[in-house]
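Trainee: Let me see the structure of the following:
(chains A, B, C and D)
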There are 2 protein chains.
Amino acid sequence: MKVNYTIHDIAKELRIAPSTVSRALKDHPRISEKTRKEIQQFAKKVNYKQNALASALRSGKSGFIGVCLPSINRNFFANLTKGIEEVANKRGNSIIITQSNESFELEKKNIDTLIRAGVDGILISVSKGAPDNSFYKEIFSQGTPIFFLDRTINDSGINQTGIDDFSGAYLATQHLISQGYKKIVHFAGTNNVAILYKERLRGYTQAMGEAGLKEDVIFSNLQLQDGKDHMIELLNRPERPDAVFSASDYAALGAMSVLKENGIKIGKEFGLFGFANEPFTEFVDPPLSTVDQKAKNIGEHAMSSLLTYLDSPNDYIFGKTILTPEIIIRSSSIRKKILL
Amino acid sequence: MKVNYTIHDIAKELRIAPSTVSRALKDHPRISEKTRKEIQQFAKKVNYKQNALASALRSGKSGFIGVCLPSINRNFFANLTKGIEEVANKRGNSIIITQSNESFELEKKNIDTLIRAGVDGILISVSKGAPDNSFYKEIFSQGTPIFFLDRTINDSGINQTGIDDFSGAYLATQHLISQGYKKIVHFAGTNNVAILYKERLRGYTQAMGEAGLKEDVIFSNLQLQDGKDHMIELLNRPERPDAVFSASDYAALGAMSVLKENGIKIGKEFGLFGFANEPFTEFVDPPLSTVDQKAKNIGEHAMSSLLTYLDSPNDYIFGKTILTPEIIIRSSSIRKKILL
DNA sequence: TTGAAAGCGGTACCAT
DNA sequence: ATGGTACCGCTTTCAA
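Mentor: Predicted coordinates for the structure are as follows:
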């Protein structure tokens, strides 16, 4: 038996026109029930597989969606991908994933590859190296719709989906306050990094202000070691703080290890709250309270928006969607007894 | 300015033939230096982007490689992907990733999608639901090369890259023995799951046998809670064991929490060794010794093999490549003083 | 309802 | 070294 049938092969064997075969296979309305059945059955019998390349070339639609991420090796981006993929599959699209490793050069190259591969659109979380959004706008204007997710760029002309870092931080800080902690220190990201750390700082500041508490902020790169260093410093202060809200789980973990070394009871004596819901936060001892960034939801929403746009570009209204993160409360920040 | 130039557009404006343009752009040898320069410069000027779809349709080579994974949401598969992607990019290929969520049905659908998308080959880590390898062999025989990675299927006719679970387990157990632990229990995966747990068990058995020690195995699904349950049982035994080698990091973590609750000094009094090098193993207290499965290396090797095959299928010799895992020794299994 | 034929954007063969 | 052109497999008018 022939292995790779084309619609021409089918047409010839069935003594009909290729165009009829094409129509029958995609349930075109103006085709008789009888021929449709016959063709579909035959196609199934000979294991016909449509050549998506040829179809894409002719129709201008490939069903491919390009995804540009800084890295898929981090939990956050892996979850993002999961959301993206589920929606894409559900609606009959395939995704092509690329990683930039935070290099703008590589990102440009990846986008180029995706366009040459005929993607119908691109979802991107921009690399830290990107200078501004002019490049992306140019791509869009050249015919490839490009939507932002997670790392958004403020521009009303481009669609964006992200999370509200402000309210994540606000809710986390509020929770610490509700547990009776008063001297709450914030580990913040250094200013020259992305805007999101500023938003987290703002959320902290707002919550502290509303509660009439004094702000106390330490800036760093928020790595594990930074958290340790900060915590050691805090313990040496004459007036010791009683909680830390860290803009990163890693720094919170560093703080945790120092607290444990000093025999300080986490939760009861000292509250600890992280940010990002890294998998380890669930497993450390005690489990670390943190902010979940709803990565999967962001992916789902962004992909869904892009596909909606592609369905009818003219009706689409561009906008920015901000999902609210969820605070995950674990024992590291529970001081009061829980009343059931 | 025109936005999307084709080689025909370029040919017309430069008053030459499309075929010449095509040749010039890909550095075909039989073309004059002068025309080549001229065409390449012009192409760059008008921002020509090759249509990979058209090229693939005509030449039969798309440069796409399909990747089928059970999930990209796990650290192991994320690293696998990283290795795959790096090699693919380096050699001018793009990858299309799909996930099966361990469903054989979805896996078949994904493979079908990839073939229709014109992939030159497929890399697959088979879903647990796959009954046997007949499906994959059929795909291969129909013209799409399919190489296995990680979860391999024993068949000399298909190329495979995986790790040696046996020696990972063997080395881990040997390390525990070298640290002076004598009553070492193995947490093993239930028999009806994949072969890899059997291999790990075999490695443990071998090392114990060689050292003249008595085997002691507990079977379960190796989740966190299983580890806790097992550990509680072990502590209640009249003759308490002094180490655990767990075939999963999660179960090892469960054991760790029980040990800590009981005030038993991990490392000094009780050795603990996991498997998989999950990210949290580095951050728990104490850090957990574990076996790294070299995911990135597996990905690199498998992709590299597939591309080599595609370059010259006739010269290729199919085979099975087994990479040796690396044991990562951390404080959870260090009893003796380290001599510097 | 069905057929014929052009064409998507490249590639590759056959000429020259 | 360059040009002309058929063709990859499918979609999409236009015609019947």
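
Trainee: how far does stretch A:147-160 sit from the chain's center?
Mentor: 13 Å (Cα atoms, centre = their mean, to the nearest Å).

Trainee: typed the wrong thing, it's stretch A:159-166
Mentor: 10 Å.

Trainee: Could you export it as CSV, CA atoms only?
Mentor: Extracted in CSV, the C-alpha atoms of stretch A:159-166 (Å, rounded to 0.1, in the frame of the first residue of the first chain):
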residue,chain,number,x,y,z
ASN,A,159,-1.9,43.4,24.2
GLN,A,160,-0.6,42.3,27.6
THR,A,161,-1.4,39.8,30.3
GLY,A,162,0.4,40.0,33.6
ILE,A,163,-0.1,39.8,37.3
ASP,A,164,-0.6,42.5,39.8
ASP,A,165,2.6,42.5,41.8
PHE,A,166,1.3,45.4,43.8
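
Trainee: so where do the strands sit in the stretch 1-150 of chain A?
Mentor: Counting by DSSP state E, counting those that start in this stretch, residue ranges of the strands within the stretch 1-150 of chain A are A:64-69, A:94-99, A:121-124, A:146-149.

Trainee: State the mean pLDDT of stretch A:215-230.
Mentor: In this model, stretch A:215-230 has a mean pLDDT of 95.

Trainee: So which of the strands of the stretch 1-150 of chain A is nearest DNA strand C?
Mentor: strand A:64-69 (15.4 Å; Cβ to the nearest atom of the strand). Where you see a C-beta, it was placed from the backbone N, CA and C, and this is true even at glycine.

Trainee: Note down every partner strand of that closest one and its orientation.
Mentor: strand A:94-99 (parallel), strand A:121-124 (parallel) (DSSP bridges).

Trainee: Okay, helices next: where are they in the stretch 101-250 of chain A?
Mentor: A:104-116, A:134-141, A:165-178, A:195-210, A:224-235, A:249-261 (DSSP state H, counting those that start in this stretch).

Trainee: Would you map out the domains in chain A?
Mentor: Domain segmentation of chain A under automatic domain parsing yields A:7-50, A:60-163+A:295-323, A:165-293+A:328-333.

Trainee: Adding mean neighbour count and distance to DNA strand D, write the ones you listed out as CSV.
Mentor: Converted to CSV, the domains of chain A look like this (neighbours: other Cβ atoms under 10 Å in any protein chain shown; distance: least, Cβ to the nearest atom of the strand, whole Å):
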stretch, mean neighbour count, distance to DNA strand D
domain A:7-50, 14, 3
domain A:60-163+A:295-323, 19, 7
domain A:165-293+A:328-333, 20, 39
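
Trainee: Save those as a markdown table, and put in distance to residue B:43 too.
Mentor: Below are the domains of chain A laid out as a markdown table (distance: least, Cβ to Cβ, whole Å):
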| stretch | distance to residue B:43 |
| --- | --- |
| domain A:7-50 | 32 |
| domain A:60-163+A:295-323 | 13 |
| domain A:165-293+A:328-333 | 36 |
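
Trainee: ok so, going back, hey, least reliable of the strands paired with strand A:64-69 by pLDDT?
Mentor: Across these, strand A:94-99 gives the lowest mean pLDDT, at a mean of 88.

Trainee: between it and helix A:104-116, how many degrees?
Mentor: Here strand A:94-99 runs at 160 degrees with respect to helix A:104-116, directions being taken by axes from the mean of the first three to the mean of the last three Cα atoms, to 10 degrees.

Trainee: just to revisit the earlier point, export the strands paired with strand A:64-69 as TSV, with columns for distance to DNA strand C.
Mentor: Listed next are those as TSV, based on distance: least, Cβ to the nearest atom of the strand, whole Å:
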stretch	distance to DNA strand C
strand A:94-99	18
strand A:121-124	17
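
Trainee: Run a quick neighbour tally on residue A:324.
Mentor: 13 (other Cβ atoms under 10 Å in any protein chain shown).

Trainee: Check the gap between it and DNA strand C for me.
Mentor: 43 Å (Cβ to the nearest atom of the strand, to the nearest Å).

Trainee: for residue A:288, same thing?
Mentor: Residue A:288 is 52 Å from DNA strand C, by Cβ to the nearest atom of the strand.

Trainee: name the element the closest residue to that residue other than its chain neighbours belongs to?
Mentor: Of all residues not flanking residue A:288 in the chain, residue A:281 sits nearest, at 4.1 Å (Cβ to Cβ, 6 or more residues apart in numbering or on different chains). In this assignment (DSSP states H and E), residue A:281 forms part of helix A:280-283.

Trainee: For the residue nearest to residue A:272 when sequence neighbours are not counted, give me its contacts.
Mentor: Nearest non-adjacent residue to residue A:272, counting by Cβ to Cβ, 6+ apart: residue A:332, 4.2 Å away. Residue A:332 makes contact with A:252, A:256, A:266-267, A:271-273, A:286-289 under the criterion Cβ atoms under 8 Å, 6 or more residues apart in numbering or on different chains.

Trainee: of these, closest to residue B:227?
Mentor: Set against residue B:227, the nearest of the contacts of residue A:332 by Cβ to Cβ is residue A:287 (15.9 Å).

Trainee: before we move on, back to that, present the strands of the stretch 1-150 of chain A as a markdown table; the columns should include distance to residue A:320.
Mentor: Output for the strands of the stretch 1-150 of chain A, formatted as a markdown table (distance: least, Cβ to Cβ, whole Å):
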| stretch | distance to residue A:320 |
| --- | --- |
| strand A:64-69 | 19 |
| strand A:94-99 | 23 |
| strand A:121-124 | 15 |
| strand A:146-149 | 9 |
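
Trainee: Need the per-residue pLDDT for residue A:31.
Mentor: 87.

Trainee: ok, now residue A:113?
Mentor: 88.

Trainee: Also residue A:321?
Mentor: 93.

Trainee: Ramachandran angles for it?
Mentor: The phi/psi pair for residue A:321 (degrees, to the nearest 10) reads phi -110, psi 130.

Trainee: got the contact list for it?
Mentor: A:160-162, A:301, A:305.

Trainee: do the same with residue A:222
Mentor: A:187-189, A:246-248, A:250-251.

Trainee: Near residue A:164, how many residues? Count them for me, please.
Mentor: 17.

Trainee: Isn't it up against residue A:320?
Mentor: No - counting by Cβ atoms under 8 Å, residue A:164 sits too far from residue A:320 to count as a contact (10.7 Å).

Trainee: hmm, back to that, would TSV of the helices of the stretch 101-250 of chain A with distance to chain B be doable?
Mentor: Below are the helices of the stretch 101-250 of chain A laid out as TSV (distance: least, Cβ to the nearest Cβ, whole Å):
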stretch	distance to chain B
helix A:104-116	4
helix A:134-141	8
helix A:165-178	20
helix A:195-210	21
helix A:224-235	8
helix A:249-261	6
